[in-house]
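Peer 1: Structure of the sequence below:
(2 chains, ligands or ions: 3)
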Amino acid sequence: MSDQKNGTPSRGEVLKRLREAHGTTVERSQAMMKEQKQMQNAICQFIRETPKTVPEIAAEIGRPTHEVLWFVAALRKYGIVVEAGMCGDYPLYQRAKEVQV
Amino acid sequence: MSLDNLHVDALVVGGGIAGMQSALDLGDQGFQVALVECEPSIGGKMITLSKVFPTLDCCSCITTPKMSAVAHHPNIKLFTYCDVQSVQEADGGYRVNLVQKPRYVDASKCTGCRECEYACPITVPSPFDRGLGAYRTIRVPFSTAVPQVAVLDMDYCILCGKCEKVCAAKAVDFNQQPEPFEIQASTLVVASGFELTPLGAKKEYGGGKLRNVIDPLMMERFLAPTGPYGRVLRPGDGKEPTSIAYVQCAGSRDTTLGIEYCSRVCCMYAIKQAMLISGALPLAEITIYYMDIRTFGKGYEQFYQNAQAMGVEFIRGKVASIREDDDQNPVVKVELTEEGRTIERTHDLVVLSLGMVPVPGSNTALNLPLGSDKFIAIPAPNASPCATAHPGIFVTGAAMGPMDIVDSIVTASSAAAAASAYIREHKKEAVYA
Ligand SMILES: Cc1cc2nc3c(=O)[nH]c(=O)nc-3n(C[C@H](O)[C@H](O)[C@H](O)COP(=O)(O)OP(=O)(O)OC[C@H]3O[C@@H](n4cnc5c(N)ncnc54)[C@H](O)[C@@H]3O)c2cc1C
Ligand code: SF4
Ligand code: SF4
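Peer 2: Ligands and ions are numbered 1, 2, ... in the order given. Just a heads-up that it's a prediction; the model follows:
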């Protein structure tokens, strides 16, 4: 419902207008979110107990190493994954204990 | 939000180090200044750098106080996330039409708490980290951004409303629209800066497709404490590199790219990064392939000698090509110009010392005459080094051509002095007319 007095559209109207205007990007971003969730869950699952390197994670979940590194960097930034030492030239990453994905 | 149409003495276009310095100089003299930045934060390239040559001071420690001084200056009005649409001569000055792009966040309410960012379910590449790091669809652009106000990227939003729900300040505002406004200014200072030559410009160097061949701003982010990995790793697979090479003049002095000039800063930033890597990875071997090293500034030659003394290897030669082996290692083919033979060497990571080019589209609204290098033309560089072909429009920093921070600050103060003289002259004319 519009706020008739000052002409400001209601929240529902605003979101409806945005959904109409950005339908394609909303759909694309929803698909992207689904893929990101799968990827994040797969990574976090694999490094829940034992820290692993990026190539080890990539081999386990069947994704390219550069892509895995990007996700690991993002998860690290938001405190979901932490660094846990080195294995040769590669840092090891582990799921932070207390944080939910 | 409603933007008033403003009258100011000077409008500065671009909030990098050059634009900030010009705005501060003019503001300190009592002039009313508007500073317009197209990105959501001021700071330009300098705020993304790790440390600066030749002093190796922390870049953020120098830039952040300047950003804050601009934001809090009583004579400077800051407009971030705004595009300049057109510039017309009017009433003895300039009428500038601008658009405030929607942040979908009310800047007057947002506290920069980042709760929206933590709640948002979509992760996107962060340009601040050259795409190698990530942030969320709604985010404060980086930790020291000025203003500390979130911005929502509608191109990646699913309109789930999670950000709105967690925002205690009720700042998320899906109703924002692009908002046109106008500024009348007696004079303009253009400080729109530079971009790097595209990483993919040279097919011989992998055309941007080799993951472990990177641009120098990526290396700046790896060396910064707030970088995407928190350490130096190669982006292809997260390996800590033990052999790193720099390819000089990778986008300058190259007629095949149409970039015939020397970009002036590449030798110095490569030497700086080599020294910083030596500190971060003491066991790493660092090689710089160069045609000639140009250390033009005060203290710069000493800086080069220090790098040699630290064990950085300088090899004179022309890098003919770079390919990748089966382990993602870049293999560099070098013509040793002095010895007349060609060698191949394998490294973990290669940094292309890319050149500086004008920001694409940054002159569209201004329509200033350009020089043969495509930077803004300076008709009388010896007499008026910051004056453009239009009376009352001055230029500073890397918008004039490749230059380092010291020269950007010098030209910024010079442009401010020229703008100040111009404003005073015009005010006098107005009084006696
Ligand atoms: C890898 C690398 C390392 C470097 N290291 C050093 C160093 O250690 N020491 C040193 O002295 N120099 C260094 N430099 C050089 C330094 O980055 C530049 O001298 C400096 O950033 C130039 O500042 P500027 O303000 O002119 O341009 P920029 O930093 O490019 O800022 C321009 C600003 O204008 C904005 N803008 C552009 N177009 C518009 C528009 N149309 N409307 C509104 N806003 C606009 C941009 O968004 C940006 O914020 C380095 C450069 C590189 C590439
Ligand atoms: S929009 Fe709200 S939640 Fe996001 S940073 Fe601003 S005040 Fe915090
Ligand atoms: S509405 Fe958009 S910006 Fe806000 S949380 Fe959802 S996806 Fe993120």
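Peer 1: B:Met356 and ligand 2, how far apart?
Peer 2: Here B:Met356 is placed at a distance of 34 Å from ligand 2 (C-beta to the nearest ligand atom, to the nearest Å). The way it works is simple: take the backbone N, C-alpha and C, and place the C-beta from them, glycine included.
Peer 1: Could you pull up the contacting residues of that residue?
Peer 2: Counting by C-beta atoms under 8 Å, 6 or more residues apart in numbering or on different chains, B:Met356 touches B:Phe194, B:Glu195, B:Leu196, B:Thr197, B:Ser252, B:Ser263, B:Arg264, B:Val265, B:Ala398, B:Gly401, B:Pro402.
Peer 1: Three-state assignment for the last one, please.
Peer 2: Secondary structure assignment for B:Pro402 (DSSP: H, G, I helix; E, B strand; the rest coil): coil.
Peer 1: Run through the bridge partners of the residue of the stretch 51-200 of chain B found nearest chain A.
Peer 2: Chain A sits closest to B:Ala134 of the stretch 51-200 of chain B, with a gap of 3.6 Å, by C-beta to the nearest C-beta. According to DSSP bridges, the partner residues bridging B:Ala134 are B:Pro125.
Peer 1: wait, it sits on B:Pro127?
Peer 2: No - using C-beta atoms under 8 Å, B:Ala134 makes no contact with B:Pro127, being 10.9 Å away.
Peer 1: Now do the buried residues in the top helix by length along chain A.
Peer 2: Identified as the longest helix of chain A according to DSSP state H is helix A:23-46. The neighbour-count check on helix A:23-46 (16 or more other C-beta atoms under 10 Å in any protein chain shown) flags A:Thr25, A:Val26, A:Ser29, A:Met32, A:Met33, A:Gln36, A:Met39, A:Gln40, A:Ala42, A:Ile43, A:Cys44, A:Phe46 as buried.
Peer 1: any chance of the residues you listed in JSON lines, plus distance to A:Pro64 and pLDDT?
Peer 2: Shown next, in JSON lines, are the buried residues of helix A:23-46 (distance: C-beta to C-beta, whole Å; pLDDT from 0 to 100):
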{"residue": "A:Thr25", "distance to A:Pro64": "25", "pLDDT": "95"}
{"residue": "A:Val26", "distance to A:Pro64": "27", "pLDDT": "96"}
{"residue": "A:Ser29", "distance to A:Pro64": "22", "pLDDT": "97"}
{"residue": "A:Met32", "distance to A:Pro64": "17", "pLDDT": "97"}
{"residue": "A:Met33", "distance to A:Pro64": "20", "pLDDT": "97"}
{"residue": "A:Gln36", "distance to A:Pro64": "15", "pLDDT": "98"}
{"residue": "A:Met39", "distance to A:Pro64": "11", "pLDDT": "98"}
{"residue": "A:Gln40", "distance to A:Pro64": "16", "pLDDT": "97"}
{"residue": "A:Ala42", "distance to A:Pro64": "14", "pLDDT": "98"}
{"residue": "A:Ile43", "distance to A:Pro64": "13", "pLDDT": "98"}
{"residue": "A:Cys44", "distance to A:Pro64": "18", "pLDDT": "97"}
{"residue": "A:Phe46", "distance to A:Pro64": "16", "pLDDT": "97"}
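Peer 1: a helix runs through B:Lys321, doesn't it?
Peer 2: Careful, residue B:321 is Ser; it's not Lys. No - residue state for B:Ser321 (three-state DSSP) corresponds to strand; a helix is not indicated.
Peer 1: Next up, the contacts around it.
Peer 2: Taking C-beta under 8 Å, 6+ apart as the criterion, B:Ser321 is in contact with B:Glu204, B:Tyr205, B:Val332, B:Lys333.
Peer 1: Got a PyMOL select line for the buried ones in these?
Peer 2: Selection of buried members from the contacts of B:Ser321 for PyMOL, criterion 16+ other C-beta under 10 Å:
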select buried, chain B and resi 205+332+333
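Peer 1: Closest one of the contacts of B:Ser321 to ligand 2?
Peer 2: Set against ligand 2, the nearest of the contacts of B:Ser321 by C-beta to the nearest ligand atom is B:Tyr205 (40.5 Å).
Peer 1: residues near the nearest residue to B:Ala389 once chain neighbours are set aside, how many?
Peer 2: In space, and not counting its chain neighbours, B:Ala389 is closest to B:Pro369: 4.5 Å by C-beta to C-beta, 6 or more residues apart in numbering or on different chains. If you count neighbours by other C-beta atoms under 10 Å in any protein chain shown, B:Pro369 ends up with 12.
Peer 1: isn't B:Pro369 right up against B:Ala387?
Peer 2: No - using C-beta under 8 Å, B:Pro369 makes no contact with B:Ala387, being 11.9 Å away.
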